[in-house]
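Undergrad: take a look and give me a structure for this.
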Amino acid sequence: MFKEYDVIVAGAGHAGCEAAAAAANMGSSVLLVTMNMQTIAQMSCNPAMGGIAKGQIVREIDALGGYSGIVSDKSMVQFRMLNRSKGPAMWSPRTQNDRMLFAAEWRKLLEQTPNVDFWQDMVSSLLLNDGRVAGIKTSMGIEIRAKSVVLTNGTFLNGLIHIGEKNFGGGRAGEKAAYGITEQLVQLGFETGRMKTGTPPRIDGRSLDYTKMERQEGDEAVTGFSYKKGLNPFVGNGAKKQLCCWITYTNQKVHDILRTGFDKSPMFSGRIKGLGPRYCPSVEDKIDRFAEKERHQLFVEPEGWDTVEIYVNGFSTSLPEDVQHKALKEVPGFENMKMFRPGYAIEYDYFPPTQLQQSLETKLVKGLFFAGQINGTTGYEEAACQGLMAGINAHNVAKEQAPLVMKRSDSYIGVLVDDLINKGTEEPYRMFTSRAEYRILLRQDNADMRLTEMGYKIGLADEGRMQAVREKRAAIEAITAFIADYGVSPDAINGTLTSAESAEIKQKTKLDKILARPHINLSLLANALPELQTFLNKFDKDALECAEIELKYESYIEKEVELVEKMGRMENIKLQADFDYSVLKSLSIEARQKLSKIKPTSLGQASRISGVSPADMSVLLVHMGR
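TA: Down below sits the predicted model:
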């Protein structure tokens, strides 16, 4: 029935979809295996993409030629740019999405990708040949051969769902768990662990009183994620109006009712062994850890254009369903609430990612890649970018090409992978802007400038994307050159400066010096200077925004570039993968253990391993003869 594929992808969540699309678009023959063809790219938790740092990841996926940004834009019901009150390094796009449309658009794109085949079945084990992967075996006993395999099993590996004192096997509500792979990998020598995540109840929106809640509108200016044009559903012919979200709050009565279920809580009773996400705790965890807080914020989010189903963001819980129901009825606006389904927690197997190479290929089995929650991450965006990188490198293994590895200075994707393989994680990993030391360089507005050429060279981003980057780069150069050379007199600009609470100038001054001031922006200057306005009208808003940021933060950007170059010298000092660190007795015991386990390929990577101190780095430098 089956040919030998270049790449088999097990699992069709966010990681699996990106992996399959990337490998196929680069020229590999791909088989995407999923337990349920009807749940491809399902948004298992909140119906939203992006957010703080996560939005940068989606833009990076899009810049490289992945699909998450395109699908998000086509299915968005609301758009917001978060952190606008802060500097541009912190700006993060976020879309509220139509859950069903999101999945439909993903499936449509995959079905329109010529090199992708589909098979509905459960992958029960791997086929191996002399230390490398050779394919998969399914629950129906079918063996399918492949040159590389990407495992993106999400929460399905030995998944166990908890609601109060009840628990049952499942990878998601209404879907069975996957068995067999963990046990085989453990026999091969892989280390495994358990993690936990959860989801809130789903509510009938017709039963809510929105007059008791705060409105949360979308932005008037909708940027979206993708650098491709024409995807925005809120402009042009047939433009839609953004859906509104709402904000309400818990209260002491809600907390008291929730506490009555603590004795039946699987989290507090110890029935759940895995650690949950620190930055997205369950509501019972919040009222236990932050007992002094009188209320917690809840975001009431619509699930799509054509449904009344509501997602209660902030009320993730595994308490008994009757306790959930009773507590929610005390939330303002929820007095007559009707529940579609209760919240639940799910435990699942993961494999500490220190067992991976920088390409996301496993160290123990050649040609085998892990991506997504199997690596201990949480979130659609974190999973999708891992899937993209695993798909690229699974293709490279199948075609006997060198792996593509992102540096921390390249992208948030590079930060995420580097964190995972060097530091590992014992709790679900979530990306934040604070994790990126070069975040002034890794902004959401310049992801295409940073990464599209890379995607183009490997055959993932098309010529149209590359041409758009060339045009944007030329536009930015023209804008920055004009502003740096444009001299403005006190008479022409002092009134504007005074209105912006900025000091007046006393002599003719170049415009770039004025733009560098706080509270001064291009729009303000253009309103005061007709010649500047006429010039800027030639360019689109993306190029203008990027040019303004480059000019305004020029000195900070230069400092970060210098830091990248300095750290890059350490990356260029290579370490032998088979070096025996146990012979270096001057290294600390922890450093010897960590270096032997992770086997860094460069001095830079060694310096980022948790437990390797500056003193240990000095020992390595001395040993290498500097």
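Undergrad: wait, Lys137 sits on Leu126?
TA: Yes: look at Lys137 against Leu126 with CB atoms under 8 Å: they come within range, at 7.4 Å. Where C-beta positions appear, they are placed from N, C-alpha and C, glycine not excepted.
Undergrad: between those two, which one's more packed in?
TA: Legend: neighbour count by other CB atoms under 10 Å for Lys137 and Leu126, higher for Leu126 (23 against 17).
Undergrad: what pLDDT is listed against that one?
TA: Looking at Leu126, its pLDDT is 98.
Undergrad: wait, a strand at it?
TA: Yes: applying DSSP: H, G, I helix; E, B strand; the rest coil, one finds Leu126 inside a strand.
Undergrad: I'd assumed Glu183 was in contact with it.
TA: No: counting by CB under 8 Å, Leu126 does not reach Glu183; the two are 11.4 Å apart.
Undergrad: contacts made by stretch 616-626 with the rest, please.
TA: With contact meaning CB atoms under 8 Å, 6 or more residues apart in numbering, stretch 616-626 is reached by Ile573, Leu575, Leu584, Ser586, Leu587, Ser588, Ala591, Leu603, Ala606, Ser607.
Undergrad: find the helix or strand that Asp419 is a member of.
TA: helix 412-423 (DSSP states H and E).
Undergrad: roughly how far is the next helix or strand after that helix from the heart of the chain?
TA: Once the chain leaves helix 412-423, the next helix or strand it forms, by DSSP H and E, is helix 447-457. Here helix 447-457 is found 18 Å from its chain centre; the criterion is CA atoms, centre = their mean, to the nearest Å.
Undergrad: quick one: mean pLDDT over helix 447-457.
TA: Mean per-residue pLDDT for helix 447-457: 98.
Undergrad: could you tell me the angle between it and helix 412-423?
TA: Here helix 447-457 runs at 80 degrees with respect to helix 412-423, directions being taken by axes from the mean of the first three to the mean of the last three CA atoms, to 10 degrees.
Undergrad: next structured bit after the lowest-mean-pLDDT helix or strand in the chain?
TA: Every helix and strand in the chain was compared by mean pLDDT, DSSP states H and E; the lowest is helix 266-269, with a mean of 82. Moving toward the C-terminus from helix 266-269, the next helix or strand (DSSP H and E) is helix 283-289.
Undergrad: which other residues reach that next one?
TA: 200, 250, 255, 258-259, 261-262, 265, 267-268, 276, 281, 293, 296, 314-319.
Undergrad: could I get that helix in PDB with only the CA atoms?
TA: Coordinates of the C-alpha atoms in helix 283-289 are reproduced here as PDB (Å, rounded to 0.1, in the frame of the first residue of the first chain):
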ATOM      1  CA  VAL A 283      -7.800  28.600  38.900                       C
ATOM      2  CA  GLU A 284      -7.500  26.500  42.000                       C
ATOM      3  CA  ASP A 285      -3.800  26.800  41.900                       C
ATOM      4  CA  LYS A 286      -4.100  30.600  41.700                       C
ATOM      5  CA  ILE A 287      -6.500  31.000  44.600                       C
ATOM      6  CA  ASP A 288      -4.200  28.600  46.700                       C
ATOM      7  CA  ARG A 289      -0.900  30.300  45.800                       C
END
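Undergrad: right, and the helix or strand after that helix?
TA: Next along the chain after helix 283-289, with elements defined by DSSP H and E, is strand 297-302.
Undergrad: in that following strand, which residues are buried?
TA: For strand 297-302, a neighbour-count test (16 or more other CB atoms under 10 Å) marks Leu298, Phe299, Val300, Glu301, Pro302 as buried.
Undergrad: stretch 70-90 now?
TA: For stretch 70-90, a neighbour-count test (16+ other CB under 10 Å) marks 70-83, 88-90 as buried.
Undergrad: sort out for me which of those are in strands.
TA: If you go by DSSP state E, the buried residues of stretch 70-90 have Met76, Val77, Gln78, Phe79, Arg80, Met81, Leu82 in strands.
Undergrad: shaky segments in the stretch 351-500 of the chain?
TA: Low-confidence segments of the stretch 351-500 of the chain (pLDDT under 70): none present.
Undergrad: which helix or strand contains Val58?
TA: Using DSSP H and E, Val58 maps to helix 54-64.
Undergrad: quick check: angle from that helix to helix 447-457?
TA: Going by the same axes, to 10 degrees, helix 54-64 makes 40 degrees with helix 447-457.
Undergrad: helix 54-64 - contacts with which helices or strands?
TA: strand 48-50, helix 68-75, strand 92-97, helix 380-398, helix 412-423, helix 447-457 (3 or more CB pairs under 8 Å, 6 or more residues apart in numbering; DSSP states H and E).
Undergrad: then it to PDB, C-alphas only?
TA: What follows is helix 54-64, C-alpha atoms only, in PDB (Å, rounded to 0.1, in the frame of the first residue of the first chain):
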ATOM      1  CA  LYS A  54       4.600  34.100  20.900                       C
ATOM      2  CA  GLY A  55       3.500  36.600  18.300                       C
ATOM      3  CA  GLN A  56       7.100  37.100  17.300                       C
ATOM      4  CA  ILE A  57       7.400  33.300  16.800                       C
ATOM      5  CA  VAL A  58       4.400  33.200  14.500                       C
ATOM      6  CA  ARG A  59       5.800  36.000  12.400                       C
ATOM      7  CA  GLU A  60       9.200  34.200  12.200                       C
ATOM      8  CA  ILE A  61       7.400  31.000  11.100                       C
ATOM      9  CA  ASP A  62       5.700  33.000   8.300                       C
ATOM     10  CA  ALA A  63       9.000  34.800   7.300                       C
ATOM     11  CA  LEU A  64      10.700  31.400   6.800                       C
END
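Undergrad: low-confidence ranges in the protein?
TA: 626.
Undergrad: which helix runs longest in it?
TA: Across the chain, the longest stretch assigned as helix under DSSP state H is helix 463-485.
Undergrad: each with direction, which strands does whichever helix or strand comes after it pair with?
TA: Next along the chain after helix 463-485, taking DSSP H and E as the criterion, comes strand 487-488. Partners of strand 487-488 in the sheet, by DSSP bridges, are strand 509-510 (antiparallel).
Undergrad: what sits up against the following helix or strand past the partner strand?
TA: Under the assignment DSSP H and E, the closest C-terminal helix or strand after strand 509-510 is helix 511-515. For helix 511-515, contacts defined as CB under 8 Å, 6+ apart pick out 480, 483-484, 486-488, 493, 497, 505, 520-522, 525, 532, 548, 551-552, 554.
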